[in-house]
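Please work out how this folds:
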Amino acid sequence: MTDSVQAVRVGLIGSGWMGRFHGESLARRIPETDLIAVADPAPGAAERVAGELGAPHWYTDAAELIGDPDVEAVVIASPARLHTDLVVAAATAGKAIFVEKPMALTIADADRAIAAAAGAGVPLQVGFNRRFATGFAAARQVVVDGGIGTPQLLRSLTRDPGGFDPDAVKPGTIFLETLIHDFDTVRWFNPGAEVVDVYAVADALVHPEYRDRGLQDTAVVTIRFDNGAIAVAEANFSAAYGYDVRGEVFGSAGMVTAGDVHANEMRHYHAGGASGPTTRLNIDLFRDAYTRELADFAANVRGADRPVPTGEDARAALAIALACIRSAETGSRVAVSEVTA
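Numbers count the residues shown, from 1 in each chain. Below you'll find the model as predicted:
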(Lines give C-alpha, C1' and ligand atoms only; values in the text may rest on other atoms or scores of the structure.)
Protein backbone atom coordinates (compact mmCIF):
# COMPACT_ATOMS: atom_id res chain seq x y z
CA MET A 1 0.00 0.00 0.00
CA THR A 2 1.24 3.47 -0.84
CA ASP A 3 1.15 6.51 1.41
CA SER A 4 -2.46 6.84 2.63
CA VAL A 5 -2.44 10.52 1.58
CA GLN A 6 -2.04 9.45 -2.05
CA ALA A 7 -3.86 6.14 -2.05
CA VAL A 8 -7.58 6.25 -2.82
CA ARG A 9 -9.47 5.54 0.39
CA VAL A 10 -12.10 2.97 -0.56
CA GLY A 11 -15.13 1.56 1.21
CA LEU A 12 -16.42 -1.87 0.14
CA ILE A 13 -20.18 -2.50 0.19
CA GLY A 14 -20.96 -6.21 0.14
CA SER A 15 -18.60 -8.87 1.49
CA GLY A 16 -19.80 -11.98 -0.30
CA TRP A 17 -17.35 -14.02 -2.36
CA MET A 18 -17.10 -11.39 -5.14
CA GLY A 19 -16.97 -8.51 -2.69
CA ARG A 20 -14.31 -10.21 -0.63
CA PHE A 21 -12.18 -10.78 -3.73
CA HIS A 22 -12.48 -7.09 -4.62
CA GLY A 23 -11.57 -6.29 -1.02
CA GLU A 24 -8.41 -8.39 -1.29
CA SER A 25 -7.45 -6.52 -4.46
CA LEU A 26 -8.02 -3.15 -2.81
CA ALA A 27 -6.11 -4.11 0.34
CA ARG A 28 -3.31 -6.25 -1.06
CA ARG A 29 -2.94 -6.18 -4.83
CA ILE A 30 -3.35 -2.53 -5.80
CA PRO A 31 -0.80 -0.13 -4.29
CA GLU A 32 -2.92 2.88 -5.26
CA THR A 33 -5.87 1.91 -3.05
CA ASP A 34 -6.42 1.73 0.69
CA LEU A 35 -9.37 -0.36 1.89
CA ILE A 36 -10.55 1.51 4.98
CA ALA A 37 -14.13 0.27 5.49
CA VAL A 38 -16.45 -2.65 4.79
CA ALA A 39 -20.25 -2.73 5.00
CA ASP A 40 -22.52 -5.77 4.96
CA PRO A 41 -25.91 -6.29 6.66
CA ALA A 42 -25.18 -9.93 7.60
CA PRO A 43 -24.29 -10.12 11.31
CA GLY A 44 -20.53 -10.26 11.74
CA ALA A 45 -19.73 -10.38 8.02
CA ALA A 46 -18.29 -6.89 7.61
CA GLU A 47 -16.33 -7.09 10.85
CA ARG A 48 -14.84 -10.45 9.84
CA VAL A 49 -13.76 -9.33 6.35
CA ALA A 50 -12.51 -5.97 7.61
CA GLY A 51 -10.43 -7.77 10.21
CA GLU A 52 -8.98 -10.20 7.68
CA LEU A 53 -8.06 -7.40 5.27
CA GLY A 54 -6.93 -4.81 7.77
CA ALA A 55 -9.72 -2.29 7.19
CA PRO A 56 -10.18 -0.16 10.33
CA HIS A 57 -13.95 0.40 9.99
CA TRP A 58 -16.94 -1.86 9.44
CA TYR A 59 -20.68 -1.27 9.28
CA THR A 60 -23.89 -3.25 8.97
CA ASP A 61 -25.54 -0.27 7.27
CA ALA A 62 -24.13 0.82 3.90
CA ALA A 63 -25.43 4.33 4.53
CA GLU A 64 -22.99 4.68 7.41
CA LEU A 65 -20.08 3.69 5.18
CA ILE A 66 -21.19 6.12 2.49
CA GLY A 67 -21.47 8.83 5.11
CA ASP A 68 -18.00 8.14 6.51
CA PRO A 69 -15.94 11.27 5.69
CA ASP A 70 -12.75 9.20 5.40
CA VAL A 71 -14.22 7.18 2.49
CA GLU A 72 -13.66 8.91 -0.86
CA ALA A 73 -14.68 6.07 -3.18
CA VAL A 74 -16.96 3.05 -2.91
CA VAL A 75 -16.91 -0.37 -4.53
CA ILE A 76 -20.43 -1.80 -4.64
CA ALA A 77 -20.63 -5.60 -4.69
CA SER A 78 -24.03 -6.05 -3.07
CA PRO A 79 -26.96 -8.00 -4.59
CA ALA A 80 -28.02 -6.51 -7.94
CA ARG A 81 -31.39 -5.26 -6.70
CA LEU A 82 -29.61 -2.81 -4.39
CA HIS A 83 -27.13 -1.38 -6.89
CA THR A 84 -29.04 1.65 -8.14
CA ASP A 85 -30.02 3.01 -4.74
CA LEU A 86 -26.45 2.60 -3.52
CA VAL A 87 -25.06 4.35 -6.60
CA VAL A 88 -27.42 7.27 -6.06
CA ALA A 89 -26.62 7.49 -2.35
CA ALA A 90 -22.88 7.38 -3.00
CA ALA A 91 -23.10 10.01 -5.74
CA THR A 92 -25.17 12.28 -3.52
CA ALA A 93 -22.43 11.98 -0.90
CA GLY A 94 -19.80 12.92 -3.49
CA LYS A 95 -18.08 9.52 -3.58
CA ALA A 96 -16.45 8.03 -6.69
CA ILE A 97 -18.30 4.84 -7.62
CA PHE A 98 -17.38 1.40 -8.92
CA VAL A 99 -20.45 -0.85 -9.14
CA GLU A 100 -20.64 -4.47 -10.15
CA LYS A 101 -22.88 -5.40 -13.06
CA PRO A 102 -25.76 -5.05 -13.56
CA MET A 103 -25.79 -1.41 -12.49
CA ALA A 104 -29.60 -1.48 -12.58
CA LEU A 105 -32.46 -3.82 -13.39
CA THR A 106 -34.67 -1.31 -15.21
CA ILE A 107 -33.95 1.43 -17.73
CA ALA A 108 -35.49 3.98 -15.37
CA ASP A 109 -33.07 2.96 -12.62
CA ALA A 110 -30.12 3.01 -15.04
CA ASP A 111 -31.04 6.56 -16.00
CA ARG A 112 -31.39 7.48 -12.33
CA ALA A 113 -27.91 6.15 -11.54
CA ILE A 114 -26.31 7.89 -14.52
CA ALA A 115 -28.01 11.20 -13.69
CA ALA A 116 -26.96 11.03 -10.04
CA ALA A 117 -23.29 10.50 -10.90
CA ALA A 118 -23.32 13.15 -13.62
CA GLY A 119 -25.08 15.64 -11.37
CA ALA A 120 -22.54 15.10 -8.60
CA GLY A 121 -19.59 15.13 -10.99
CA VAL A 122 -18.20 11.82 -9.68
CA PRO A 123 -16.71 8.89 -11.63
CA LEU A 124 -19.07 5.98 -12.28
CA GLN A 125 -17.48 2.75 -13.50
CA VAL A 126 -19.27 -0.57 -14.03
CA GLY A 127 -17.72 -4.00 -13.55
CA PHE A 128 -17.46 -5.35 -17.08
CA ASN A 129 -14.21 -7.12 -16.33
CA ARG A 130 -13.66 -8.75 -19.72
CA ARG A 131 -12.57 -5.40 -21.12
CA PHE A 132 -9.55 -5.66 -18.80
CA ALA A 133 -8.57 -9.24 -19.67
CA THR A 134 -5.33 -9.23 -21.68
CA GLY A 135 -6.62 -11.42 -24.52
CA PHE A 136 -9.94 -9.61 -24.88
CA ALA A 137 -8.25 -6.19 -24.82
CA ALA A 138 -5.73 -7.32 -27.44
CA ALA A 139 -8.51 -8.72 -29.64
CA ARG A 140 -10.43 -5.47 -29.47
CA GLN A 141 -7.33 -3.51 -30.43
CA VAL A 142 -6.93 -5.70 -33.52
CA VAL A 143 -10.49 -4.74 -34.50
CA VAL A 144 -9.87 -1.04 -33.82
CA ASP A 145 -6.66 -1.16 -35.88
CA GLY A 146 -8.55 -2.65 -38.83
CA GLY A 147 -6.90 -6.04 -38.51
CA ILE A 148 -10.03 -8.00 -39.39
CA GLY A 149 -11.49 -5.45 -41.79
CA THR A 150 -15.20 -4.72 -41.38
CA PRO A 151 -16.82 -6.73 -38.54
CA GLN A 152 -19.46 -9.08 -39.92
CA LEU A 153 -19.98 -11.89 -37.40
CA LEU A 154 -19.35 -11.71 -33.66
CA ARG A 155 -19.61 -14.30 -30.93
CA SER A 156 -19.43 -14.27 -27.15
CA LEU A 157 -20.14 -17.09 -24.75
CA THR A 158 -20.26 -17.78 -21.03
CA ARG A 159 -20.42 -21.33 -19.71
CA ASP A 160 -20.41 -21.61 -15.96
CA PRO A 161 -19.19 -24.83 -14.31
CA GLY A 162 -22.52 -25.21 -12.53
CA GLY A 163 -23.31 -26.65 -9.13
CA PHE A 164 -25.99 -23.99 -8.72
CA ASP A 165 -29.19 -24.15 -6.69
CA PRO A 166 -32.05 -23.91 -9.23
CA ASP A 167 -34.38 -22.61 -6.51
CA ALA A 168 -32.10 -19.58 -6.07
CA VAL A 169 -32.04 -18.51 -9.73
CA LYS A 170 -34.47 -15.65 -10.27
CA PRO A 171 -36.29 -15.14 -13.58
CA GLY A 172 -34.15 -13.30 -16.10
CA THR A 173 -30.89 -14.02 -14.28
CA ILE A 174 -29.25 -15.62 -17.31
CA PHE A 175 -29.78 -12.40 -19.28
CA LEU A 176 -29.40 -9.77 -16.55
CA GLU A 177 -26.43 -11.18 -14.64
CA THR A 178 -24.65 -13.64 -16.97
CA LEU A 179 -25.18 -12.73 -20.63
CA ILE A 180 -25.02 -9.05 -19.80
CA HIS A 181 -21.23 -9.54 -19.89
CA ASP A 182 -21.52 -10.96 -23.40
CA PHE A 183 -23.78 -8.12 -24.51
CA ASP A 184 -21.17 -5.63 -23.36
CA THR A 185 -18.43 -7.64 -25.04
CA VAL A 186 -20.03 -7.76 -28.50
CA ARG A 187 -20.79 -4.01 -28.33
CA TRP A 188 -17.18 -3.34 -27.33
CA PHE A 189 -15.90 -5.62 -30.11
CA ASN A 190 -17.97 -3.65 -32.67
CA PRO A 191 -16.87 -0.05 -32.00
CA GLY A 192 -19.30 2.70 -32.93
CA ALA A 193 -22.18 0.32 -33.69
CA GLU A 194 -25.34 -0.10 -31.65
CA VAL A 195 -27.74 -3.00 -31.31
CA VAL A 196 -30.97 -2.75 -33.29
CA ASP A 197 -32.82 -5.88 -32.22
CA VAL A 198 -32.46 -9.34 -30.67
CA TYR A 199 -33.98 -12.79 -30.86
CA ALA A 200 -33.55 -14.94 -27.76
CA VAL A 201 -34.28 -18.56 -26.94
CA ALA A 202 -33.93 -19.81 -23.37
CA ASP A 203 -34.83 -23.01 -21.55
CA ALA A 204 -34.08 -25.21 -18.55
CA LEU A 205 -31.83 -27.90 -20.03
CA VAL A 206 -29.61 -28.45 -17.00
CA HIS A 207 -32.59 -28.78 -14.66
CA PRO A 208 -35.58 -29.49 -16.92
CA GLU A 209 -37.66 -30.40 -13.88
CA TYR A 210 -37.66 -26.67 -13.06
CA ARG A 211 -38.92 -25.59 -16.49
CA ASP A 212 -42.46 -25.05 -15.21
CA ARG A 213 -41.09 -22.79 -12.50
CA GLY A 214 -39.55 -20.47 -15.07
CA LEU A 215 -35.91 -21.49 -14.69
CA GLN A 216 -33.65 -20.55 -17.59
CA ASP A 217 -30.20 -22.16 -17.38
CA THR A 218 -29.40 -22.15 -21.10
CA ALA A 219 -29.82 -19.36 -23.64
CA VAL A 220 -28.81 -18.34 -27.15
CA VAL A 221 -29.29 -14.83 -28.55
CA THR A 222 -28.87 -13.45 -32.06
CA ILE A 223 -28.13 -9.73 -32.17
CA ARG A 224 -28.30 -7.36 -35.14
CA PHE A 225 -26.28 -4.13 -35.20
CA ASP A 226 -26.99 -0.94 -37.09
CA ASN A 227 -23.81 -1.41 -39.14
CA GLY A 228 -25.11 -4.76 -40.45
CA ALA A 229 -22.99 -7.01 -38.24
CA ILE A 230 -24.64 -10.00 -36.60
CA ALA A 231 -23.65 -11.44 -33.22
CA VAL A 232 -24.46 -14.60 -31.31
CA ALA A 233 -24.28 -14.73 -27.51
CA GLU A 234 -24.81 -17.92 -25.55
CA ALA A 235 -24.76 -19.07 -21.95
CA ASN A 236 -25.15 -22.25 -19.96
CA PHE A 237 -24.93 -22.83 -16.22
CA SER A 238 -23.31 -26.27 -16.27
CA ALA A 239 -20.06 -26.69 -18.21
CA ALA A 240 -18.66 -29.95 -16.85
CA TYR A 241 -15.11 -29.13 -17.99
CA GLY A 242 -14.65 -25.71 -16.36
CA TYR A 243 -15.39 -21.99 -16.52
CA ASP A 244 -15.46 -21.19 -20.23
CA VAL A 245 -15.56 -17.61 -21.57
CA ARG A 246 -14.65 -16.79 -25.17
CA GLY A 247 -15.14 -14.11 -27.80
CA GLU A 248 -14.67 -13.85 -31.55
CA VAL A 249 -14.90 -11.25 -34.30
CA PHE A 250 -14.95 -12.33 -37.94
CA GLY A 251 -14.57 -9.66 -40.59
CA SER A 252 -13.92 -8.91 -44.24
CA ALA A 253 -10.14 -9.28 -43.79
CA GLY A 254 -9.74 -11.89 -41.07
CA MET A 255 -10.75 -13.07 -37.63
CA VAL A 256 -9.65 -12.56 -34.03
CA THR A 257 -10.50 -14.68 -31.00
CA ALA A 258 -10.06 -14.30 -27.25
CA GLY A 259 -10.61 -16.35 -24.14
CA ASP A 260 -9.82 -19.88 -23.06
CA VAL A 261 -11.04 -22.33 -20.47
CA HIS A 262 -7.49 -23.42 -19.63
CA ALA A 263 -5.77 -22.15 -16.51
CA ASN A 264 -2.41 -21.94 -18.28
CA GLU A 265 -0.68 -22.93 -21.52
CA MET A 266 0.45 -26.36 -20.26
CA ARG A 267 -0.88 -29.36 -22.18
CA HIS A 268 -0.30 -32.96 -21.16
CA TYR A 269 -0.12 -35.29 -24.15
CA HIS A 270 -0.59 -38.96 -23.22
CA ALA A 271 -1.99 -42.28 -24.41
CA GLY A 272 -5.52 -41.14 -23.75
CA GLY A 273 -5.12 -37.90 -25.70
CA ALA A 274 -4.16 -34.44 -24.50
CA SER A 275 -5.24 -32.43 -21.50
CA GLY A 276 -4.50 -29.34 -19.43
CA PRO A 277 -5.82 -27.79 -16.23
CA THR A 278 -8.99 -25.71 -16.50
CA THR A 279 -10.41 -22.97 -14.29
CA ARG A 280 -13.56 -23.36 -12.22
CA LEU A 281 -14.23 -19.83 -10.99
CA ASN A 282 -14.46 -16.45 -12.65
CA ILE A 283 -12.10 -15.01 -10.03
CA ASP A 284 -9.49 -17.51 -11.23
CA LEU A 285 -9.99 -17.06 -14.98
CA PHE A 286 -10.22 -13.27 -14.70
CA ARG A 287 -8.06 -12.68 -11.62
CA ASP A 288 -5.84 -10.11 -13.34
CA ALA A 289 -8.76 -8.44 -15.11
CA TYR A 290 -10.65 -7.91 -11.85
CA THR A 291 -7.53 -6.32 -10.40
CA ARG A 292 -6.88 -4.09 -13.44
CA GLU A 293 -10.41 -2.69 -13.51
CA LEU A 294 -10.08 -1.50 -9.91
CA ALA A 295 -6.59 -0.15 -10.56
CA ASP A 296 -7.96 1.90 -13.46
CA PHE A 297 -10.85 3.04 -11.28
CA ALA A 298 -8.39 4.32 -8.69
CA ALA A 299 -6.28 6.01 -11.35
CA ASN A 300 -9.32 7.84 -12.70
CA VAL A 301 -10.32 8.97 -9.21
CA ARG A 302 -6.89 10.59 -9.06
CA GLY A 303 -7.44 12.39 -12.35
CA ALA A 304 -6.39 9.91 -15.03
CA ASP A 305 -8.54 9.38 -18.09
CA ARG A 306 -8.32 5.64 -18.69
CA PRO A 307 -11.11 4.12 -20.81
CA VAL A 308 -13.50 2.20 -18.57
CA PRO A 309 -17.05 0.84 -18.84
CA THR A 310 -19.45 3.69 -18.06
CA GLY A 311 -22.99 4.01 -16.83
CA GLU A 312 -24.05 4.48 -20.43
CA ASP A 313 -22.35 1.19 -21.35
CA ALA A 314 -24.24 -0.50 -18.52
CA ARG A 315 -27.52 1.00 -19.74
CA ALA A 316 -26.91 -0.26 -23.27
CA ALA A 317 -26.13 -3.80 -22.09
CA LEU A 318 -29.19 -3.74 -19.80
CA ALA A 319 -31.42 -2.69 -22.69
CA ILE A 320 -30.20 -5.69 -24.68
CA ALA A 321 -30.88 -7.99 -21.71
CA LEU A 322 -34.40 -6.64 -21.22
CA ALA A 323 -35.13 -7.02 -24.93
CA CYS A 324 -33.92 -10.63 -24.70
CA ILE A 325 -36.23 -11.35 -21.77
CA ARG A 326 -39.17 -10.04 -23.80
CA SER A 327 -38.06 -12.00 -26.87
CA ALA A 328 -37.78 -15.25 -24.93
CA GLU A 329 -41.24 -14.66 -23.49
CA THR A 330 -42.92 -13.82 -26.79
CA GLY A 331 -40.94 -15.95 -29.22
CA SER A 332 -40.40 -12.98 -31.49
CA ARG A 333 -37.59 -10.61 -32.44
CA VAL A 334 -37.61 -7.51 -30.23
CA ALA A 335 -36.22 -4.09 -31.06
CA VAL A 336 -34.09 -2.54 -28.35
CA SER A 337 -36.06 0.69 -28.81
CA GLU A 338 -39.13 -1.15 -27.48
CA VAL A 339 -37.60 -1.43 -24.02
CA THR A 340 -35.96 1.99 -23.92
CA ALA A 341 -38.86 4.14 -25.09
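
Any idea which residue is closest to the centre of this protein?
By Cα atoms, centre = their mean, the chain has its centre lying nearest to residue 128, at 3.5 Å.

In three-state terms, label the spatially closest residue to that one that is not a sequence neighbour for me.
In space, and not counting its chain neighbours, residue 128 is closest to residue 309: 4.1 Å by Cβ to Cβ, 6 or more residues apart in numbering. (Glycine included, C-beta is placed from N, CA and C.) Using DSSP: H, G, I helix; E, B strand; the rest coil, the structure places residue 309 in coil.

State whether residue 309 and residue 181 are indeed in contact, as I suppose.
No. Under the criterion of Cβ atoms under 8 Å, residue 309 makes no contact with residue 181, lying 10.4 Å away.

which residues do these two both contact?
Residues touching both residue 309 and residue 181 (Cβ atoms under 8 Å, 6 or more residues apart in numbering): residue 128.

Adjacent strands (with direction) for the helix or strand of the chain with the lowest mean pLDDT?
Least confident helix or strand, the chain: strand 268-270 with a mean of 80, by mean pLDDT, DSSP states H and E. When sheet partners are counted by DSSP bridges, strand 268-270 sits next to strand 273-275 (antiparallel).

chain center to the helix or strand following the partner strand, what's the gap?
Moving toward the C-terminus from strand 273-275, the next helix or strand (DSSP states H and E) is helix 282-285. Distance, stretch centre to chain centre, for helix 282-285: 12 Å (Cα atoms, centre = their mean, to the nearest Å).

Show me what helix 282-285 is packed against.
Applying 3 or more Cβ pairs under 8 Å, 6 or more residues apart in numbering; DSSP states H and E, one finds that helix 282-285 contacts helix 17-24.

pretty sure residue 324 contacts residue 198?
Yes. Using Cβ under 8 Å, residue 324 is in contact with residue 198, at 5.3 Å.

Give me the residues contacting stretch 52-65.
Against stretch 52-65 from outside (Cβ under 8 Å, 6+ apart): 11-13, 23-24, 26-28, 35-43, 46-47, 49-51, 68, 70-71, 74, 78, 86, 89.

Thank you kindly, that will do.
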